[in-house]
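1. Task: produce atomic coordinates for the following.
(2 chains)
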Amino acid sequence: MSEADITLGAGHGAAMEPTFYGIQSKKLTMWLFIASDAVTFGAILFGYLYLRFGTSNWPRPFEAAGLVNGVIMTFVLLTSSLTMLGAVLAAKKGQKSTTIQWLGATILLGIVFAALHLREWFHMFHEGWSLSHNPMGGTVMFGAIFFSVTGLHLMHVISGVIALVVIAIGYNTDWLDAGHVETTGLYWHFVDLVWMFVFPLLYLMNVGR
Amino acid sequence: MEATHEAHEPGMGGYVGIWIGMLFIVGIEVFLTLQGLQPYKLLVILLILAFIESAVGLFYFMHLKYERRSLVWSLIPAVVFVLLMMNHIWPDSHRLVNLKVPISMSGPGDASGDTK
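-> Predicted structure coming up:
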């Protein structure tokens, strides 16, 4: 029985037109959410870029050595996308224990990313940076934008980790299926893709010469 | 219904290759940053590389390449349109902030033309 039959409640033997997108409703819902979240981050990053290039005293507080933490964070998040793919592939094959192991690795990498990020934040707080203070003496907008954008991304990472824990428990107890794992994987990959813009625009563009 | 797409998706080995490619792009970004390029030039290059990375992630990691074209055409043009529209609106809002005309409140004959 096709998904169209299930959703439309057609009787046996009725010929149904295939659905327009050919995917489960929850997957389409996640795609629509991702599209809206993408334009949200796009708006924020556009605003940041105009402010950055329209402000003469824009600070560049990051040093070349300080990029190591950002590179490690990028590596961790990219690797977590790879482990998430492992979970999705295993879930599609019905390999429950393998799926849980891959999900566990993804959750662990997400926690490592969040921990590295918070460590960097506290280091910047210690140096005097905040939402409304710039220890270098230039515009305070850098702190406001940096902590807002990275904070919004960090919130997405943490909520993604929580969702992955729920998915792992649900899949392990047969409450959820492989489709739920794949749908959550879409969200996790999106969070990674946002970081592909945040890291170069907020970190690399603000490295001092 | 989605089973026909799964036969064409890369396996874990293919995804590892894509992962290595994305790490390589990150390495290029860091290398170019340390070369001391002019900010505008660096921005253009970083944005191009970021779009390449996101396109690879979108089409392979998120499997959009293996979905129906209807999904691709429903999502991507709409997002691109909204992003382009925002790119045109932001300069206006930024310009309006700088073009604020000061209003004098100091009695008759002022710029506002109010009489009492």
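
2. helix or strand right after the least confident helix or strand in chain A by mean pLDDT?
-> Taking mean pLDDT, DSSP states H and E as the measure, chain A has helix A:3-8 as its least confident helix or strand, at a mean of 48. Where DSSP states H and E defines the elements, the next helix or strand beyond helix A:3-8 is helix A:25-54.

3. and that following helix with chain B, contact?
-> Yes - judged by Cβ under 8 Å from any Cβ of the partner chain, helix A:25-54 comes into contact with chain B at A:28, A:31, A:35, A:38-39, A:42-43, A:46-47, A:49-51, A:53-54. In short, each C-beta sits where N, CA and C put it, glycine included.

4. Give me the buried subset of those.
-> Neighbour counting over the residues of helix A:25-54 next to chain B (16 or more other Cβ atoms under 10 Å in any protein chain shown) leaves A:28, A:31, A:35, A:38-39, A:42-43, A:46-47, A:49, A:51 as the buried ones.

5. Closest one of these to B:Val30?
-> A:Leu49 (19.6 Å; Cβ to Cβ).

6. so how far is B:Val80 from the closest one?
-> Applying Cβ to Cβ, to the nearest Å, the value for A:Leu49 to B:Val80 is 17 Å.

7. what's the answer for A:Phe46, then?
-> 13 Å.

8. pull the longest helix from chain B.
-> The longest helix of chain B (DSSP state H) is helix B:69-98.

9. hmm, that helix touching chain A?
-> Yes - against chain A, helix B:69-98 shows contacts by Cβ under 8 Å from any Cβ at B:70-71, B:74-75, B:78-79, B:82-83, B:86-87, B:90-91, B:94.

10. Let me know the pLDDT of residue 15.
-> If you meant another chain, say so; for now it's chain A. For A:Ala15, the pLDDT comes out at 69.

11. wait, chain B
-> pLDDT for B:Tyr15: 94.

12. From the contact counts, what lies against the particular helix or strand that has it in it?
-> Assigned by DSSP H and E, B:Tyr15 belongs to helix B:12-33. The contact analysis (3 or more Cβ pairs under 8 Å, 6 or more residues apart in numbering or on different chains; DSSP states H and E) places helix B:12-33 against helix A:67-92, helix B:39-56.

13. Thanks a lot, catch you later.
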